[in-house]
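Asks: Need coordinates for the below:
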Amino acid sequence: MHQRPYAAVLSLDAAADPTKSSAPVRHAILDRDSDEDFDDADIIFLESNLTGPLAGSKDFSRDDLNGDGFTGGDETARFDLDRIGSRQFGAAEYSNCTVQSIEGQLVAFDETKVTDMDVLCYYAYQDEFFEGTSEIRKNVLGEICGSSAPAAKVGSETLAAAQTTVAETCEEAQLSVDFPEIVNNFAPIVISLTDSQGPIADAPVGLTITFPDDNPNFVTTTGGTTNSNGIFETTVSMQGARRVVVEIEAREGNAEGPVLAQKTVSATARYFGIYAGTATLTSGGVTSPPFAFTLGLGARSLDGTGVPPGPSEATVNSSAPNDHFDVTFSGSDFTGGHVQGPSNPNFISITGTASPSTASGVIASENGPSVDVFTFTAQCADVCIVN
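Replies: Numbers count the residues shown, from 1 in each chain. Next up, the predicted model:
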């Protein structure tokens, strides 16, 4: 099992406290006997497999709960346990200190390094998720799950106060990211790293940038260190893709130091797609008959050139000389853009509008002493995303 596809499947669950209804993917994973209940029989079966003689085997089995390929053992992987701060169908937020009440204790889990047993323990004690009996759960998992550290006795404390105690024990570093969900070709990303003492300065921050919908094998990396205010800023290029995923990792001391915090964010291109429709060219007072036309909204290449591949140009035959248009727009209201061609390189203006389904507008360009007016109306033909 690969972590990224597994995380994508897990993101189908709602970004809310996991219950049977809000987290059907997680529930199905733990419903080992497929009877639509996560109950006593499931925890008995899973505990036996995760602690048995073959525990720790890299077998990619059905009981590999954290998705790292190993069943049981001490191997860890990222796993979004509580869904707090995450986005459904989008990026997960992994906390270093997620708390669960287990047999009278509050136990803290680090979502950046979760074992299979951690997954079982967390959800076995999750309200409205586990449907078995507390007595059997205690006999099967009480000692195993309650032995995790750090933990704080609940006792007479309120839950909120106990959670604060555990969180302080975790010494959790908080990683917050300011990155828009919908972006143009380039987007600023601002990363802030803090802990209970305030900003964390001089911490190495690494970014791994991928484009899963267009070219999953195209990966770029960048990074730097946080300033005195615990902030690192840079710019992410969409590289002409429709969606970008940024995995962020902050470490202590140097690039090989312990991981302080991790987070994944994603964004969708605001103006992207291919529209197909009809257009006419008016030149020298003569208007051509309607002809087929394809329109590219935003660059699509992943090679950094910004040149959209495929049918995003039109060759026009009319009473004027043959006019070749290569059109790239930016903006849902066309107030600028790029038009070029061998016979009329002098672009004047673009006006028009676009939506997810239609695009229409006018391109004016100068061809010698006259002005050519290129009028088009088109329907979305391929992944048109316009805000």
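
Asks: use CA for all of it now, contacts and neighbours both
Replies: OK.

Asks: domain assignment for the chain?
Replies: 3-170, 174-269, 272-385 (automatic domain parsing).

Asks: can the ones you listed go into a markdown table with extra columns for mean pLDDT and mean neighbour count?
Replies: Below are the domains of the chain laid out as a markdown table (pLDDT from 0 to 100; neighbours: other CA atoms under 10 Å):
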| stretch | mean pLDDT | mean neighbour count |
| --- | --- | --- |
| domain 3-170 | 83 | 19 |
| domain 174-269 | 88 | 18 |
| domain 272-385 | 58 | 18 |
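
Asks: And the strands in the stretch 201-350 of the chain, which stretches?
Replies: 204-211, 215-225, 231-237, 243-251, 259-269, 272-283, 286-287, 291-297, 313-316, 323-329, 337-340, 346-354 (DSSP state E, counting those that start in this stretch).

Asks: Direction included, what does the longest one pair against?
Replies: When pairs are called by DSSP bridges, strand 272-283 turns out to pair with strand 286-287 (antiparallel), strand 291-297 (antiparallel), strand 370-385 (antiparallel).

Asks: Repeat that for the fourth one.
Replies: Strand 243-251 has the following strand partners under DSSP bridges: strand 204-211 (antiparallel), strand 259-269 (antiparallel).

Asks: Need those strands in a markdown table (columns: distance to Asp80).
Replies: Output for these, formatted as a markdown table (distance: least, CA to CA, whole Å):
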| stretch | distance to Asp80 |
| --- | --- |
| strand 204-211 | 19 |
| strand 259-269 | 11 |
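
Asks: where does Leu46 fall, helix, sheet strand or coil?
Replies: helix (DSSP: H, G, I helix; E, B strand; the rest coil).

Asks: Leaving out chain neighbours, which residue sits closest to it?
Replies: Spatial nearest neighbour of Leu46, chain neighbours left out: Asp63 (6.9 Å); criterion: CA to CA, 6 or more residues apart in numbering.

Asks: Hmm, that neighbour is touching Thr51, no?
Replies: No - Asp63 lies out of contact with Thr51 (CA atoms under 8 Å); the separation is 11.3 Å.

Asks: tell me, what's touching the two both at once?
Replies: Each of Gly72 lies in contact with both Asp63 and Thr51 under the rule CA atoms under 8 Å, 6 or more residues apart in numbering.

Asks: So which of the strands paired with strand 243-251 is nearest Ser228?
Replies: Proximity to Ser228 (CA to CA) singles out strand 204-211 among the strands paired with strand 243-251, at 12.6 Å.
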